[in-house]
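> Fold the following.
(2 chains)
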Amino acid sequence: MDNERYQDLHAPKDVSPFEFLLEHLASGELVMSVTLDLSDEALLDRLQRAAFDYFPQTVNPLNGLVADTSRDNSPVSIAVVGFALSSYPVAVERGWMSRADAIQLSLAALRFFRDSDQSGGPEATGYKGFYYHFLDINTGIRVWRSELSMVDTALLIAGMLTVGRYFAANSREEIELRELVEMLYLRIDWRWSQGGTATIRLGWKPECGFLNYGWDGYHEAIVMYVLAMGSPTHPLTGYCYDAWTTNYQWENLYGHDFLCAGPLFVHQFSHAWIDFRGIQDRFMREKRCDYFENSRRATRVQREYARRNPKGFAGYDENCWGLSAGDGPRNEQMHGPNKGRYLLGYTGRGVPHGPDDGTLSGPAALASLPFAPEIVLQTTRNMMARYPEMLPDFRFSSGFNPTLNGADGRAWVSSGHYGLDQGIVVMMIENHRTQLIWRLMRDCPYAGSGLRSAGFRGGWLHG
Amino acid sequence: MTHPNALHLATPQDEPERQRLENVHPAGWRNPQPADRYNLVVVGAGTAGLVAAHGAAALGAKVALIERNLLGGDCLNVGCVPSKTIIRTSRLYAEMRNAGQFGAQTPADIPIDFSTVMQRMRGVRARISRADSVHRLIAAGVDVFFGEARFTGTDSLTVDGAKLRFKKALIATGARPDTPAIPGLSEAGYLTNENVFDLTELPRRLLVIGGGPLGCELAQAFSRLGAKTVIAQDWPLFLPKEERDAAQLLSDAFARDSIDVRLNTKVVKVRVEGGEKLVDLVSADYKSTVAVDAILTGTGRVPNVDGLDLEAASVEYDNKTGIRVDDFLQTSNPRIYAAGDACLEHKFTHTADASARVAIRNALFFGRQRFSVLTIPWCTYTDPEIAHVGLYARQALEGNIPLKTFTIPMHDVDRAIADGEETGFVKIHVKERTDRILGATIVTRHAGEMINEISLAMVAGIGLSTLARVIHAYPTQAEAIKKAADAYNRTRLTPFIQSLLQRWLRW
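Have a look, this model is predicted:
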């Protein structure tokens, strides 16, 4: 671990301990230095709790909808609602939220979606069982002329199925909760979402119909195909999954054989719900690998890219990486030798072909914890020690850019927090610690059926 | 085609231009007296036609070559040659602006004299036209006819009032730009590859419609020469046939060049107001209008099959896909073959060349050479260049061929680092658990030069493992290929073999 800045936090002789504390408590560096002395388990607990707290802080308790970001006037992202729902069982298990509160928030969301306008109009909430990507947090109607999003609906429904498996008691409320989950899942018309093509379309808009491209090639959307193929009411057929895999590319890069995709989140999102350890579809059987092992290799490829640091960005090394989807400093300017370098806003950064503008994602690195804990923990500690500013309120910001530093020498940091980042951190830390989410979804018959329809065999699917 | 009235489109009749025309269509030309019968009549004197005519004549055949316009066809006159010449100049300007990246001083002022750029292009074109000249054809014994060819039967045609009888014929009439059906486009005027090189003045603002090879190359070139350029592509990525990583790198490069990239965007309407062209664009539900001074279309090419009276020769054809040929390039009339853009899906100069060689071998010597067995590379000459040969990964998956790709990013190649040309990669596809090369994609500044090594290996049946034994000069960017081969060899070091080696090396 790079302790250079950590060691700087010992009070100089000419400064009183009180003044020293005042100065550094304000910056959070002292808190960080103390925290980094925690055991791995305690550190993960603190990071996971801080990430989870995003949800109770940004949820609208009346309808269970959760803001996309902590910034003012943020709309709801339906995917973030899915992550929030998936996080409630974690919070109940860890005593961060009462079971009753978790049920109430879940029910509020489920009832909202049940009652929402499904007409597909420009100001509705959804259509054909799918939902618009961004909604108003109070009214739940579409905002930003956003698309009816297939993958974000899948992440939302995965969260619903998670709470449906967790709240399994025979109380009136938990029975209602499960019935709502069932109804909302079964009404999704996955076949319609193909738009007459082999693959699920990326989206649909009332103004123009289906967007003109579909989900194929390796992306974060395996869970979407699994849930679509497991549907007893509107299932996709097997050839759709074949079409999804058609653009797969098995590459040897930096000495690792893996199914290549640049941004780290692609290797994580579906894994938040599905335990891919030991189960294989046709492609992975042929490659003698599985998607879990693939994500482990992708994590190592990220690390190797940062070690090589071809663009010479500040901070990058084997313990400081994480190129993924996230916010970036598009409206800023680099100075000095980096003047004129191209900066991006919220986008999917990736390796090895970019884009790479020197912006890293702390939560993306940490969310690889289940795959490669030995390097992820080391990296997380190192990044926290060197760039404590990237964790305002001990919660990961969406992105930080050490090359773009201010007068105080601190890295540029994305303002506020993004719900997707917090959700993936909560879930992947939990999967690393107890496999809770994986266990819940392993018992979900729709997920199991979808996996089998997609050709997955072996491992726990035989259990 | 409608010429945009606001643009200067008259090619200056300077000395290079006079030389070119003297080579490719001399003023006052008089067609020769036809022979009684030709072994081979070639219709069309583009790349395929010229290769066939020279090749057949060299083998002793009596050959007639018919051209309605300019010898050399698109490639020489309005295609590869002028575009690559302009691209070279545009690269130089891009480098001047990025001089600081190379430790050099960026000039304070980088003026662009477009007329000088085009003057150089004409000079280069004129020089290269010598190889395609009518004088060389005459010297080779070819009878050259200028005029419109029309078949009059299964073994005869007419040109300029003269009747030519043949034992065999080759149709190599090429292709022309496929103009998109956009309301108002014709009225507003537009450029294609057929007239863009006649420009004498750089359009201040340019819209390029289409993100295929032509559109991408010229959008980048004109942008670098100073035109404020928008490129609209009705697809999520440029070059949709290429690898996604390649197309993504190209999008990133365009953004760095300050090209206004409009993907998933349809051009729906064009109108002229106040002397400027207003173009309505639609991307999903997002509508916008751009104001430009010129519009360049690069939306594909259609084969030239009209006006030939092919029915009289019993030659089947389709207006979109061209002359129907079998794998031996024979048409529905056994006497008549076809080659080049008139009949092929891949409309490249080198494909036309290769197909012409196959066609004359099969036509004149009863050969049975199949076109489909040829290994044909191609390259889009953007910066970085995008070159490909053989199978794409998705084609292998569709064919249930297990594939593994060895990827070397150019940032791992010393010469690329030294050259400041680290954008891109070499990807070599091999059949899984073998070293048999099935294809490759190379994206880098000189990808077109580097792909030839892979083509050679594929044609000669050289495996990737053997390429590791080929000593590559250091430092060269082609060393990336050797690195991929080394990576392949490392995968052969299984844990079992490693343990055996370790045991052996205990001495």
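
> Who are the contact partners of the nearest residue to residue A:310 once chain neighbours are set aside?
Leaving aside its sequence neighbours, residue A:310 sits nearest to residue B:411 (CB to CB, 6 or more residues apart in numbering or on different chains; 3.3 Å). Just so you know, the C-beta spots here come from the backbone N, C-alpha and C atoms, and that holds for glycine as well. Counting by CB atoms under 8 Å, 6 or more residues apart in numbering or on different chains, residue B:411 touches A:308, A:310, A:311, A:352, B:417, B:422.

> Determine which two of the residues you listed are furthest apart.
A:352 and B:417 (14.2 Å; CB to CB).

> which of those two has more neighbours?
Per other CB atoms under 10 Å in any protein chain shown, whichever of residue A:352 and residue B:417 has more neighbours is residue A:352, with 25 against 15.

> Now do that one, the pLDDT please.
For residue A:352, the model assigns a pLDDT of 97.

> Now it: which helix or strand?
For residue A:352, there is no helix or strand it lies in under DSSP states H and E.

> Name the residues of stretch B:312-328 that are buried.
By 16 or more other CB atoms under 10 Å in any protein chain shown, the buried positions in stretch B:312-328 come out as B:313, B:315, B:317, B:322, B:323, B:325, B:328.

> surely the second one meets residue B:334?
No: under the criterion of CB atoms under 8 Å, residue B:315 lies out of contact with residue B:334, with a separation of 10.6 Å.

> what about the closest residue to chain A within the stretch 351-500 of chain B, which SS state?
Using CB to the nearest CB, the single residue of the stretch 351-500 of chain B nearest to chain A is residue B:411, 3.3 Å away. Using DSSP: H, G, I helix; E, B strand; the rest coil, the structure places residue B:411 in helix.

> where's it relative to residue B:422, distance?
Relative to residue B:422, residue B:411 is positioned 4 Å away (CB to CB, to the nearest Å).

> Common neighbours of the two, please.
Common neighbours of residue B:411 and residue B:422 (CB under 8 Å, 6+ apart) are residue A:310.

> Would you confirm that residue B:356 contacts residue B:46?
No: look at residue B:356 against residue B:46 with CB under 8 Å: they stay out of range, at 9.6 Å.

> Quickly list what's touching both of the two.
Common neighbours of residue B:356 and residue B:46 (criterion: CB under 8 Å, 6+ apart): B:172, B:340.

> Show me which residues of chain B sit near chain A.
By CB under 8 Å from any CB of the partner chain, the residues of chain B that approach chain A are B:100, B:234-236, B:243-245, B:248-249, B:252, B:255-256, B:264, B:282, B:284-285, B:393-394, B:397-398, B:402-407, B:409, B:411-412, B:422, B:425, B:427, B:432, B:487-488, B:490-491.

> Make a ChimeraX selection of the buried ones in those residues.
A single ChimeraX command selects the buried members of these (16+ other CB under 10 Å):
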select /B:234,235,236,243,244,245,248,249,252,264,282,284,393,394,397,403,404,405,406,407,409,411,412,422,425,427,487,488
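
> Against residue A:59, how distant is the closest residue to residue A:45 other than its chain neighbours?
In space, and not counting its chain neighbours, residue A:45 is closest to residue A:94: 7.8 Å by CB to CB, 6+ apart. Between residue A:94 and residue A:59 the distance, using CB to CB, works out to 18 Å.

> averaged over its residues, what pLDDT does stretch A:385-397 have?
93.

> moving C-terminal of the longest strand anywhere in chain A, what's the next helix or strand?
Once chain A is assigned using DSSP state E, the strand that runs over the most residues is strand A:400-405. Once strand A:400-405 ends, the next helix or strand along the chain (criterion: DSSP H and E) is strand A:411-413.

> neighbouring strands for that next one, and are they parallel or not?
Strand A:411-413 pairs in its sheet with strand A:400-405 (antiparallel), by DSSP bridges.

> quick revisit: need the buried residues of stretch B:312-328 in JSON lines (columns: pLDDT and secondary structure).
As requested, these are exported to JSON lines (pLDDT from 0 to 100; DSSP: H, G, I helix; E, B strand; the rest coil):
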{"residue": "B:313", "pLDDT": "98", "secondary structure": "helix"}
{"residue": "B:315", "pLDDT": "98", "secondary structure": "coil"}
{"residue": "B:317", "pLDDT": "98", "secondary structure": "strand"}
{"residue": "B:322", "pLDDT": "98", "secondary structure": "strand"}
{"residue": "B:323", "pLDDT": "98", "secondary structure": "strand"}
{"residue": "B:325", "pLDDT": "98", "secondary structure": "coil"}
{"residue": "B:328", "pLDDT": "98", "secondary structure": "coil"}
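
> Sweet, I'm off.
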